[in-house]
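Asker: following is a predicted model, sequence given first.
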Amino acid sequence: MRHTISVLVENKFGVLSRVSGLFSGRGYNVESLSVGETIDPQISIMTIVTTGDDQIIEQITKQLNKLIDVIKVTDMTEMDHVEREMVLLKVAPRQADKAEVLNLTEIFRGRIVDSSPKTYTIEITGNEKKIEAFIELMKPMGIKEFVRTGKVAIAREGVRKKG
């Protein structure tokens, strides 16, 4: 099962290396990793997406909690939360497809962040299914390249466990 784990850490040199080393040293895969400062610039938050059964996730959580600079570990999968990621997609549509690209971008609440005579660079933010759906629709339009962020997640107010 896929899990989204939120890790609050001290914003210090080497913390990311220690966290990623924990995963690689034990053979756990990281599907995505996103890191950024919080309101307090001395604290960062990591959002890690990984897969594993309950026992593996419990082991990952315990090992993360043992790291010196880790403040708090939360398996977001177990609570109500909001997840988002972003994609920047460069497409080179044929002249006949340009209106369709613009229309689909609007439907997906995206925006054109750069354009040239031959390409559009589009920004889409949303959940994983929305991002995947947009990429699939753009494939016939002539995707030149794209980059995706990892997921970021935040608990809903009045946090409660799922189920």
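Answerer: Ah, there it is. Given the structure is predicted, the values throughout are model-derived calculations rather than measurements.
Asker: so Gly36 is in which element?
Answerer: Element membership of Gly36, judged by DSSP states H and E, is strand 30-37.
Asker: which residues sit against that strand?
Answerer: 2, 11, 16, 20, 23, 43-51, 85, 148-152 (C-beta atoms under 8 Å, 6 or more residues apart in numbering). Placement of C-beta: from N, CA and C, glycine included.
Asker: drop anything exposed from those residues.
Answerer: 11, 23, 43-50, 85, 148-152 (16 or more other C-beta atoms under 10 Å).
Asker: where does Leu64 sit: helix, strand or coil?
Answerer: On the three-state scheme (DSSP: H, G, I helix; E, B strand; the rest coil), Leu64 is labelled helix.
Asker: contacts only, for it.
Answerer: By C-beta under 8 Å, 6+ apart, the neighbours of Leu64 are Ile5, Val7, Val19, Leu22, Val70, Val73.
Asker: still on that earlier bit, what about the contacts of strand 30-37, which are in strands?
Answerer: 2, 43-51, 85, 148, 152 (DSSP state E).
Asker: ok, longest helix in this structure?
Answerer: Secondary structure of the chain per DSSP state H: the longest helix is helix 128-142.
Asker: for this protein, give me the ranges with low pLDDT.
Answerer: 159-163 (pLDDT under 70).
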